[in-house]
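*Asks:* Okay, sequence plus prediction incoming.
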Amino acid sequence: QVQLVESGGGLVQAGDSLRLSCKASGRTFRSNTMGWFRQAPGKERDIVAAISESGGYIYYVDSVKGRFTIARDNAKNTVYLQMNSLKPEDTAVYYCALIPGQAMGITPRDYVYWGQGTQVTVSS
């Protein structure tokens, strides 16, 4: 089993920045893809960004391109999401997730393990 624990969420104003962290523990696979998703009230859970084991492949949803950056530190089993120029529409619960192995994925069904989520609220 893999445990994922997110941190770094909070209440900020529009234009501010936050950095989310997700630490994996337990059976951390030799290779894996990590992703960040978000879910606003009444909406589906959607991909924000994903990163391959080596960092050589990175995906961003169009709405966050140029504002968010995903990165990982494999020595620390941690993935980060740097969020700049935050907007009220970024308000959501943010989840990190993991796919064992080298497959990439951008839908929730692609991911096997999930964290508990961290709330990000952006006020206008």
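*Replies:* Good, I have the coordinates.

*Asks:* Can you tell me, leaving aside adjacent residues, what's nearest to residue 77?
*Replies:* residue 24 (4.4 Å; Cβ to Cβ, 6 or more residues apart in numbering). Yep, even glycine has a C-beta here, placed from its N, CA and C like the rest.

*Asks:* Would you mind confirming that residue 80 makes contact with residue 23?
*Replies:* No. Under the contact definition of Cβ atoms under 8 Å, residue 80 does not touch residue 23, with a separation of 10.1 Å.

*Asks:* just for this protein, where's the confidence low?
*Replies:* With pLDDT under 70 as the threshold, the chain has no low-confidence stretch at all.

*Asks:* give me the element the most centrally placed residue in it is part of.
*Replies:* For the chain, the residue whose C-alpha lies nearest the mean C-alpha position (Cα atoms, centre = their mean) is residue 36; its distance is 2.1 Å. Using DSSP states H and E, residue 36 maps to strand 32-39.

*Asks:* Tell me the helices and strands packed up against that strand.
*Replies:* strand 18-26, strand 46-51, strand 68-73, strand 78-83, strand 92-100 (3 or more Cβ pairs under 8 Å, 6 or more residues apart in numbering; DSSP states H and E).

*Asks:* same thing but 10 Å
*Replies:* strand 2-7, strand 18-26, strand 46-51, strand 58-60, strand 68-73, strand 78-83, strand 92-100, strand 113-114 (3 or more Cβ pairs under 10 Å, 6 or more residues apart in numbering; DSSP states H and E).

*Asks:* among the ones you listed, which is nearest residue 121?
*Replies:* Closest to residue 121 of the helices and strands packed on strand 32-39 is strand 92-100 (Cβ to Cβ; 8.7 Å).

*Asks:* Counting by contacts, list what that closest one packs against.
*Replies:* By 3+ Cβ pairs under 10 Å, 6+ apart, strand 92-100 packs against strand 2-7, strand 18-26, strand 32-39, strand 46-51, strand 78-83, strand 113-114, strand 118-123.
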